[in-house]
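Asker: Predicted model follows, preceded by the sequence.
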Amino acid sequence: MSMELLLVLGLLAAAIVLFSLGRPRADVVALLMVAALPFTGVIDVGEAIAGFSDPSIVLIALLFVLGEGLVRTGLAQHMSTLILHVARGNEAVLVVALMLAVGAMGSVMSSTGVVAIFVPIVLRIARSSRIAPGRLMMPLSVAALVSGMMTLVATAPNLVVHGELLREGHAGFAFFDFLPFGAPVLALAIGYMLFARRWLGGGAPVPSPRAPRLQDWIGEYRLEGRAFRVRVGAGSPLVGRVASALEDDELAGMNVLAIEQLGRFGQRLLLSAQGRRLMPGDALLLDLHEPGIDAPAMFDALRLELLPLEGAYFSGYANDIGMAEMMVAVNSPLAGVSARRARLQERHELAVIGLKHGRTAEVRDLEDEPLEVGDTLLVAGPWPAIRALGAGPDGLILLNLPLESDEVAPAAARAPFALACLLLTIGLMVSGAVPNVHAALIGCLLMGLTGCLDLRSAYRSIHWPSLVLIVGMLPFSLALQRTGGVDLAADLLLEAVGGAGPRVVLAAIFAVTAIFGMFISNTAIAMLMAPVALAIAQHLGLSPYPFAMTVALAASAAFMTPVSSPVNALVVGPGGYRFGDFVKVGTPLALLTLLVVVLLVPWVFGM
């Protein structure tokens, strides 16, 4: 064993120890290795940082951006809510629907992102269904991990192994090469979790939300009965009038919160009332702030047709119309000014719909009520206007946003375009018409051109620590190959199980990958094991594809500890889990996955 190999192995051991300790962060450890490896003399600085130009790294970054487009347009939330609604409170059906939804979504976007979307949804369902969150959170994380076994782009380890095949001169994997293994494992995982959920926090209390919901404010500020949705008839005297000007004239005593129109594809568009003239067929969303007004009689006189509302006080419009509690600060120019004179609706598109002097909400007409320092205002209007007001010159401090603010899709009207971009990207990848990274780049650019996301959200969506981790571990593969470390690891593994047959060798590769994946990133272990698996295949004179696929699938089978994947870490708190819960539930599932892989991979690819 050469001195160079000893130095590389020493750095690798140090990285593994630091990964296991969790200090410093994994991406910082990776950067330390990038800085240290050139001192071994095995690779130079250019080779140490070459990972930043690797197509797999660029592709992973682009997939984060595509996933952000699905979130911003509401496709991810809508799909999850729709599928989970099918369960209707039945826990077994809920587990099946949840895992199928997560498995499908995670096959085309980041599994970590999918879990982040579903955690608040699952908590809300658990709360309303009186189900302990611990019985749902681990099925969520298991399905997200298994979703990485569905497609080439589902998770970073798949792309890492695919890249290693390409570097060795092989053709690499096709988009759906993973599906024959991922689909059976998902079916197995669903059946297993229906049985294993009995071990998962059956008596754990359902946590209360930390922030209020819209429904809480509707009750606290007594907003029931104040919301109306009316359609402007062809013969209405309001046709051609500026909507915002009607608040001091025909619609005195009401706030015009928005105008509803039908857009392309039949979707609902909510438009600002400021400066917009009404057309026949427009629908007005109105807040009645002055008690004593006979609203139905007013609507009849103005030839306005009363329409049904979704949810209490526009809660069905929570993606477009939000609420927030604001406090009048000491230096606010609004102190001593009435809500009418403050003109928040005219200047900021926000209506004052509730007011507290101290802790008690006022129920009388608020328009002429003088505001005092320390008063709490409940305002309603577009979400961007709400967030902008807290940083403006009016001296209002943003006190509270409801839980629904985290679920807002700011580009919901662009959902059809986002779906088209996603399908086009998948189609280009499946057909092989262009390289995968080129297909993803086209999809991202089209999402930007169609307004599904902007540059700021695109850059913010990229999980840079994950990319840095992958880049930092890539040089180890090259260093171990040059120093003979890969061949040494392959020889040791072959000495242990080589005479027992190819399936046993595949089982050993799976076991080693999964065991090391308990303590370090599944992406990092895929980088280390992929060249070893390909070297073993070459030594045995067998096809490299079953060995490479086994590494990729084993890297996604990170069920056994909460630190083996960010997916597991996200559900520990909401689920109230301990370390041993993952060991108890995840270990049998990892063994079952190993059995499926050893049986199916050689049969599908051939040895």
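Answerer: Alright, I've got the coordinates.

Asker: Report how many residues lie close to the nearest residue to Leu288 once chain neighbours are set aside.
Answerer: Leaving aside its sequence neighbours, Leu288 sits nearest to Arg226 (Cβ to Cβ, 6 or more residues apart in numbering; 4.7 Å). All C-beta spots, glycine's among them, are computed from the backbone N, C-alpha and C. The tally of other residues near Arg226 (other Cβ atoms under 10 Å) stands at 21.

Asker: Just list what the helix or strand that contains Ala508 packs against, helices and strands only.
Answerer: Assigned by DSSP states H and E, Ala508 belongs to helix 502-516. Contact here means 3 or more Cβ pairs under 8 Å, 6 or more residues apart in numbering; DSSP states H and E; on that basis helix 502-516 packs against helix 485-497, helix 522-540, helix 544-556, helix 579-605.

Asker: What ranges does this structure have for its strands?
Answerer: Assigned by DSSP state E, the chain shows strands spanning 227-232, 254-262, 268-271, 283-288, 304-307, 321-328, 351-357, 360-361, 376-382, 396-400.

Asker: Pipe the helices and strands packed on helix 502-516 into TSV and attach distance to Val230, mean pLDDT and mean neighbour count per row.
Answerer: Shown next, in TSV, are the helices and strands packed on helix 502-516 (distance: least, Cβ to Cβ, whole Å; pLDDT from 0 to 100; neighbours: other Cβ atoms under 10 Å):
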stretch	distance to Val230	mean pLDDT	mean neighbour count
helix 485-497	72	73	17
helix 522-540	55	84	24
helix 544-556	53	92	28
helix 579-605	53	89	18
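
Asker: so how far is Leu62 from Leu467?
Answerer: Applying Cβ to Cβ, to the nearest Å, the value for Leu467 to Leu62 is 11 Å.

Asker: what do you get for Gly10?
Answerer: 35 Å.

Asker: for Leu334, same thing?
Answerer: 46 Å.

Asker: now do Ile515
Answerer: Ile515 is 32 Å from Leu62, by Cβ to Cβ.

Asker: neighbour count winner among those two?
Answerer: Remark: of Ile515 and Leu62, Leu62 carries more neighbours, 24 against 13, as counted by other Cβ under 10 Å.

Asker: Run a quick neighbour tally on the nearest residue to the more buried one once chain neighbours are set aside.
Answerer: Of all residues not flanking Leu62 in the chain, Ala440 sits nearest, at 3.8 Å (Cβ to Cβ, 6+ apart). Per other Cβ under 10 Å, the neighbour tally for Ala440 reads 24.

Asker: isn't Ala440 right up against Leu424?
Answerer: No - when contacts are counted by Cβ atoms under 8 Å, Ala440 is not listed as touching Leu424 (10.7 Å).

Asker: Excluding covalently adjacent residues, which one is nearest to Ser107?
Answerer: Met150 (3.6 Å).

Asker: who touches the one you found in this structure?
Answerer: Applying Cβ atoms under 8 Å, 6 or more residues apart in numbering to Met150 gives the contacts Gly103, Gly106, Ser107, Phe178, Leu179, Gly182, Ala183, Leu186.

Asker: Among those residues, which one has the most neighbours?
Answerer: Going by other Cβ under 10 Å, Gly106 tops those with 30 neighbours.

Asker: returning to that earlier point: rounded mean pLDDT for the helix holding Ala508, please.
Answerer: Helix 502-516 shows a mean pLDDT of 87.

Asker: and that helix, how far from the chain's centre?
Answerer: Offset of helix 502-516 from its chain centre (Cα atoms, centre = their mean, to the nearest Å): 31 Å.

Asker: which stretch in the strands of the chain is the model least sure about?
Answerer: Note on the strands of the chain: strand 268-271 shows the lowest mean pLDDT, a mean of 63.

Asker: Excluding sequence neighbours, find me the nearest residue to Ala126.
Answerer: Pro133 (4.5 Å).

Asker: Give the burial count for that neighbour, as a bare number.
Answerer: With other Cβ under 10 Å as criterion, Pro133 counts 26.

Asker: wait, doesn't it sit right on Gly576?
Answerer: Yes - assessed by Cβ under 8 Å, Pro133 is found in contact with Gly576 at 7.0 Å.

Asker: Now tabulate the strands of the chain in CSV and tack on mean neighbour count and distance to Leu140.
Answerer: Formatted as CSV, those follow (neighbours: other Cβ atoms under 10 Å; distance: least, Cβ to Cβ, whole Å):
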stretch, mean neighbour count, distance to Leu140
strand 227-232, 21, 35
strand 254-262, 21, 35
strand 268-271, 16, 30
strand 283-288, 22, 35
strand 304-307, 16, 38
strand 321-328, 23, 27
strand 351-357, 21, 36
strand 360-361, 12, 37
strand 376-382, 23, 32
strand 396-400, 16, 28
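
Asker: Distance to Val505 for the ones you listed - can I get that in JSON lines?
Answerer: Below are the strands of the chain laid out as JSON lines (distance: least, Cβ to Cβ, whole Å):
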{"stretch": "strand 227-232", "distance to Val505": "67"}
{"stretch": "strand 254-262", "distance to Val505": "62"}
{"stretch": "strand 268-271", "distance to Val505": "58"}
{"stretch": "strand 283-288", "distance to Val505": "66"}
{"stretch": "strand 304-307", "distance to Val505": "68"}
{"stretch": "strand 321-328", "distance to Val505": "58"}
{"stretch": "strand 351-357", "distance to Val505": "68"}
{"stretch": "strand 360-361", "distance to Val505": "70"}
{"stretch": "strand 376-382", "distance to Val505": "60"}
{"stretch": "strand 396-400", "distance to Val505": "59"}
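
Asker: now for these, which one comes closest to Leu123?
Answerer: Checking these against Leu123 by Cβ to Cβ gives strand 396-400 as the closest, at 18.6 Å.

Asker: outside of that closest one, which residues touch it?
Answerer: 211-212, 324-329, 332, 334, 376-377, 386-387, 389-390.

Asker: just those residues now: which is nearest Arg503?
Answerer: Using Cβ to Cβ, the contacts of strand 396-400 come closest to Arg503 at Ala211, 52.6 Å.

Asker: Tell me the confidence at the closest one?
Answerer: Ala211 is given a pLDDT of 64.

Asker: now Thr81
Answerer: 67.

Asker: Which helix or strand in the chain has the lowest average pLDDT?
Answerer: Every helix and strand of the chain was ranked by mean pLDDT, DSSP states H and E. The lowest is strand 268-271, at a mean of 63.
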